[in-house]
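Peer 1: Kindly generate the corresponding structure for this input.
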Amino acid sequence: MKHWTLARDADGIAWLTFDKADATTNTLSREALAELNEALDELERNAPRGLVIRSGKANGFIAGADVTEFSEIHDAAGVREILSRGLATFDRVARTSYPTLALIRGYCLGGGLELALACRYRVVVDEPSTRLGLPEVMLGILPGWGGVARLPALIGAPAALDMMLTGKTVDARKAKRLGLADECVPPRIMDNTARGMLRTLPPRRRLSFPLSLTQAPLARRYIAQNARKRVAKRARREHYPAPYTIIDLWERFDGQPLAPAAGDPASIETLFATPTATNLIRVFHLQERLKALGKEAEADIAHVHVVGAGTMGGDIAAWCALRGFTVTLQDQAPARIAPAIERAAKLYRDRLRDPRRVRDALDRLVPDVAGNGVARADVIIEAIFENEDAKRALFAALAAKAKPSAILATNTSSIPLETIATALRDPSRLIGLHFFNPVARMMLVEVVAGQDSDARELARGAAFVRAIDKLPLPVKSAPGFLVNRVLAPYLMTAMRAVDEGVAPEAVDEAAVAFGMPMGPIELADTVGLDICLAVGRMLGGDGEAPRRLASLVEGGNLGKKTGRGFYTWVDGRAQKNANVTVPAGLGARLVDPLVAEAKRALDEGIVSDSDLVDAGAIFGAGFAPFRGGPLHYAKVPAA
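Peer 2: A predicted model of the protein is given here:
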């Protein structure tokens with residue numbers, strides 16, 4: 001076989017290893033599933049004592065179905081064929097006469113988890129990279145190979161629906177707590193654990209009595225109603241039908257994806273036919289393209305040095321340490337660095353949920369008032385205040401101490417790289433790495449090319465961005481780059497509507513109704529009104545700033561960070577009046593300037609093609625993902 005290897009050990013246990021040929025990631029393509037059936041045929045002819053299914057890839061178990069094959073689906077028959085193919089294969093795994101076990105190390109997602117669910121046992125490896133989930137909802141579809149039935153039956157409906165409706169993944173330890181995994185073990189004993197389970201055949205895990213009741217018809221209806229209410233708080237059915245379809249399928253058809261007729265709202269055929277599914281699959285491919293941009297060079301990075309421990313610099317440093325790098329964080333005094341360490345500790349507690357891992361991450365984040373880390377760093381990121389002279393002076397000092405191979409990067413959002421690079425003997429070393437706030441949540445990093453930036457340094461910068469699990473977007477140095485450039489007219493238009501007497505809540509509701517995840521007024525308050533005013537002035541020329549914005553900034557009311565802006569903020573939430581009327585056409589009035597600016601940015605070559613413009617707007621500016629990006633929405637042809 002091309003993708004699978006079948007071997008048997010002295011105990012009579014079969015080991016089926018998936019190592020997809022000519023691919024860095026295991027995905028279940030048509031050919032891979034056909035070969036899995038060949039292996040099952042062989043095992044049927046000569047049954048083993050037990051079967052272990054594992055990965056031959058170092059980076060994970062199985063990432064899911066091969067999404068590239070979705071482009072081959074043109075009608076309901078094509079949808080049903082791909083459903084039937086996976087369902088039939090996994091049902092064979094579930095019905096084998098011999099016990100089966102999935103040995104999971106690294107990611108186990110989508111169809112990969114559905115294959116694991118079809119096995120009798122699951123052993124997960126206790127490493128940070130091990131993540132299990134059914135993220136199909138993020139593609140606008142649903143788990144079509146048995147997951148909607150098997151996951152609730154294994155761990156109970158509440159936890160299963162939470163995973164399926166959000167696309168969230170769980171780590172190895174949580175998988176064990178939920179009952180998704182039978183054992184959670186360190187790498188050194190994973191093979192022996194798998195072998196031992198197939199020798200001793202412990203009883204299958206059963207749902208506790210309270211959780212078993214969640215499968216009963218009356219409880220099902222109640223749980224489904226509550227699930228719909230929770231989903232409605234964050235996603236409208238007309239924008240994102242997939243979570244509602246998952247609930248319908250579980251409630252009415254026990255999660256069996258072939259049970260609904262093709263025209264039924266609970267059918268995956270209906271779901272695949274929606275523009276949302278088409279566009280979210282497009283967004284997936286855009287994301288994969290950004291990831292690929294980070295593979296064009298080797299990052300070769302172990303040590304990161306960040307100068308500036310303010311909100312942005314401190315959070316960049318914290319994120320890099322979270323992703324495993326040694327990080328030195330420099331500022332003028334320990335008191336300036338302390339708040340960044342406190343924020344980092346909270347981030348690590350929230351993300352890692354393990355005191356030892358939190359301790360290890362904090363150990364990697366080193367306060368460095370003297371700047372001793374500069375000489376050892378492989379990447380140096382400047383994140384001080386926006387002042388040309390200060391940045392030039394800093395880079396002159398950094399270049400004198402840095403290794404010749406170190407990446408020199410600025411996080412500036414407004415100063416041209418060409419201006420800062422004049423401080424360097426070799427201006428080609430300077431690149432931009434423009435992060436977005438909040439760093440821990442925003443996926444995109446603009447990799448900015450100045451007029452003299454070396455292409456190799458830009459490629460290394462993109463590779464570094466991928467190494468810290470972000471998405472690199474190559475952009476040219478120009479005011480606002482891409483993301484701030486397209487956001488500015490959107491935000492300014494929203495604020496001018498407030499100046500005209502439209503309630504901030506009505507402005508935000510118009511944007512959310514269009515599909516934005518957050519309204520522009522709330523977004524401005526979250527980013528900081530002082531920053532919005534500065535960016536607006538930088539990009540708006542000599543035009544007058546919105547009156548209410550200028551007044552708030554003058555009064556020191558900068559939004560969420562000061563507790564008051566366009567809204568009053570209590571416990572991190574904007575206090576809004578729900579009873580507002582949205583003027584007709586307001587949504588289009590807000591979005592049209594963003595779309596127009598995206599077109600101009602493309603025409604001026606700030607980004608190389610329309611797909612990358614759309615990717616930047618979605619992952620950096622939050623443009624409604626289900627619409628596929630502003631240029632796709634406006635039907636601008638791809639380059």
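Peer 1: Please tell me how far the closest residue to Lys401 other than its chain neighbours sits from Glu382.
Peer 2: Ranked by C-beta to C-beta, 6 or more residues apart in numbering and with sequence neighbours excluded, the top spatial neighbour of Lys401 is Val374, at 4.5 Å. Heads up, the C-betas are built off the backbone N, CA and C, glycines and all. Here the criterion is C-beta to C-beta, to the nearest Å. By it, Val374 lies 11 Å from Glu382.
Peer 1: what do the two both touch?
Peer 2: Common contacts of Val374 and Glu382, defined by C-beta atoms under 8 Å, 6 or more residues apart in numbering, comprise Leu398.
Peer 1: how about low-confidence regions in the stretch 151-300 of the chain?
Peer 2: Residue ranges of the stretch 151-300 of the chain with pLDDT under 70: none are present.
Peer 1: Please enumerate the helices of it.
Peer 2: Counting by DSSP state H, counting those that start in this stretch, the stretch 151-300 of the chain forms helices over residues 157-166, 172-178, 190-200, 209-212, 217-232, 242-253, 268-272, 275-293, given from the N-terminal end onward.
Peer 1: how much distance is there from the last one to the middle of the chain?
Peer 2: Right, helix 275-293. In terms of C-alpha atoms, centre = their mean, to the nearest Å, the centre of helix 275-293 is set 12 Å apart from its chain centre.
Peer 1: Buried ones in that helix, by neighbour count?
Peer 2: By neighbour count on 16 or more other C-beta atoms under 10 Å, the buried set for helix 275-293 is 276-277, 279-284, 286-287, 290-291, 293.
Peer 1: For Pro128, give me the pLDDT.
Peer 2: In the prediction, the pLDDT value recorded for Pro128 is 87.
Peer 1: Now do Pro625 against Leu280, distance only.
Peer 2: Between Pro625 and Leu280 the distance is 6 Å, computed by C-beta to C-beta.
Peer 1: OK, contacts around Ile618?
Peer 2: Contact partners of Ile618, counting by C-beta under 8 Å, 6+ apart, are Val283, Leu286, Pro625, Gly629.
Peer 1: could the buried residues of helix 275-293 go into CSV alongside distance to Met518?
Peer 2: What follows is those, written out as CSV (distance: C-beta to C-beta, whole Å):
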residue, distance to Met518
Thr276, 19
Ala277, 23
Asn279, 19
Leu280, 19
Ile281, 24
Arg282, 22
Val283, 18
Phe284, 22
Leu286, 20
Gln287, 20
Leu290, 22
Lys291, 25
Leu293, 27
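Peer 1: Closest one to Ala598 out of those residues, please.
Peer 2: When the buried residues of helix 275-293 are compared for distance to Ala598 (C-beta to C-beta), Leu286 comes out closest, at 13.9 Å.
Peer 1: my read: the closest one touches Asp614, true?
Peer 2: Yes - distance between Leu286 and Asp614: 6.3 Å, which falls inside the contact criterion (C-beta atoms under 8 Å).
Peer 1: Helix, strand or coil: sort out Tyr339 for me.
Peer 2: Heads up, residue 339 is Pro, not Tyr. For Pro339, the reduced secondary structure class is helix; criterion used: DSSP: H, G, I helix; E, B strand; the rest coil.
Peer 1: and if you look at Ile380?
Peer 2: The three-state label for Ile380, taken from three-state DSSP, comes out as strand.
Peer 1: distance of it from Phe436?
Peer 2: For Ile380 relative to Phe436 (C-beta to C-beta), the value is 20 Å.
Peer 1: who has more neighbours, the two?
Peer 2: Neighbours per residue, other C-beta atoms under 10 Å: of Ile380 and Phe436, the larger number sits with Ile380, 27 against 22.
Peer 1: Could you measure from the more buried one over to Val475?
Peer 2: Counting by C-beta to C-beta, the gap from Ile380 to Val475 is 20 Å.
Peer 1: and if you look at Met516?
Peer 2: Here Met516 is placed at a distance of 22 Å from Val475 (C-beta to C-beta).
Peer 1: and what of Ala261?
Peer 2: Applying C-beta to C-beta to Ala261 and Val475 gives a distance of 48 Å.
Peer 1: Tell me which of the two has more neighbours.
Peer 2: Neighbours per residue (other C-beta under 10 Å) separate Ala261 from Val475, with Val475 holding more: 26 against 11.
Peer 1: Where does that one fall, secondary structure wise?
Peer 2: strand 471-476 (DSSP states H and E).
Peer 1: Distance from that strand to the middle of the chain?
Peer 2: 17 Å.
Peer 1: One more: stretch 293-304?
Peer 2: Distance of stretch 293-304 from its chain centroid, counting by C-alpha atoms, centre = their mean, is 19 Å.
Peer 1: now swap in stretch 151-161 and tell me
Peer 2: For stretch 151-161 - counting by C-alpha atoms, centre = their mean - the centre lies 23 Å from the chain centre.
Peer 1: would you put the C-alpha positions of it in PDB?
Peer 2: Coordinates of the C-alpha atoms in stretch 151-161 are reproduced here as PDB (Å, rounded to 0.1, in the frame of the first residue of the first chain):
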ATOM      1  CA  LEU A 151     -19.200  11.500  20.400                       C
ATOM      2  CA  PRO A 152     -22.400  12.200  22.400                       C
ATOM      3  CA  ALA A 153     -22.800   8.400  23.100                       C
ATOM      4  CA  LEU A 154     -19.200   8.300  24.400                       C
ATOM      5  CA  ILE A 155     -18.900  11.500  26.500                       C
ATOM      6  CA  GLY A 156     -22.500  12.700  26.900                       C
ATOM      7  CA  ALA A 157     -24.400  15.300  24.900                       C
ATOM      8  CA  PRO A 158     -23.400  18.500  26.700                       C
ATOM      9  CA  ALA A 159     -19.700  18.100  26.300                       C
ATOM     10  CA  ALA A 160     -20.000  16.600  22.800                       C
ATOM     11  CA  LEU A 161     -22.200  19.400  21.500                       C
END
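Peer 1: and for that stretch, what are the contacting residues?
Peer 2: 113, 117, 134, 143, 163-164, 178-180, 205, 207-208, 211-212, 214-215, 219-220, 223, 227, 246-247, 250, 255.
Peer 1: Those residues, buried ones only, as a ChimeraX selection?
Peer 2: Burial among those is assessed by 16+ other C-beta under 10 Å; the matching ChimeraX selection reads:
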select :113,117,134,143,163,164,178,179,180,207,211,214,215,220,223,227,246,247,250,255
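Peer 1: Now render the contacts of Ile618 as TSV, adding distance to Ala157.
Peer 2: Formatted as TSV, these follow (distance: C-beta to C-beta, whole Å):
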residue	distance to Ala157
Val283	29
Leu286	33
Pro625	27
Gly629	35
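Peer 1: quick one on the thing from earlier: give the other helices and strands that the next helix or strand along the chain from the strand holding Val475 contacts.
Peer 2: Note on strand 471-476: by DSSP H and E, the next helix or strand toward the C-terminus is helix 483-499. Counting contacts by 3 or more C-beta pairs under 8 Å, 6 or more residues apart in numbering; DSSP states H and E, helix 483-499 packs against helix 504-514, helix 520-527, helix 529-540, helix 547-554, helix 586-603, helix 610-621.
Peer 1: The third one to helix 483-499, inter-axis angle?
Peer 2: Using axes from the mean of the first three to the mean of the last three C-alpha atoms, to 10 degrees, one finds that helix 529-540 and helix 483-499 are set 110 degrees apart in direction.
Peer 1: buried set for helix 529-540?
Peer 2: Of the residues in helix 529-540, those scored as buried under the neighbour-count criterion (16+ other C-beta under 10 Å) are Leu529, Asp530, Ile531, Cys532, Leu533, Ala534, Val535, Gly536, Arg537, Met538, Leu539.
Peer 1: And for the fourth one?
Peer 2: Applying a neighbour-count criterion of 16+ other C-beta under 10 Å, the buried positions in helix 547-554 are Arg548, Leu549, Ala550, Leu552, Val553.
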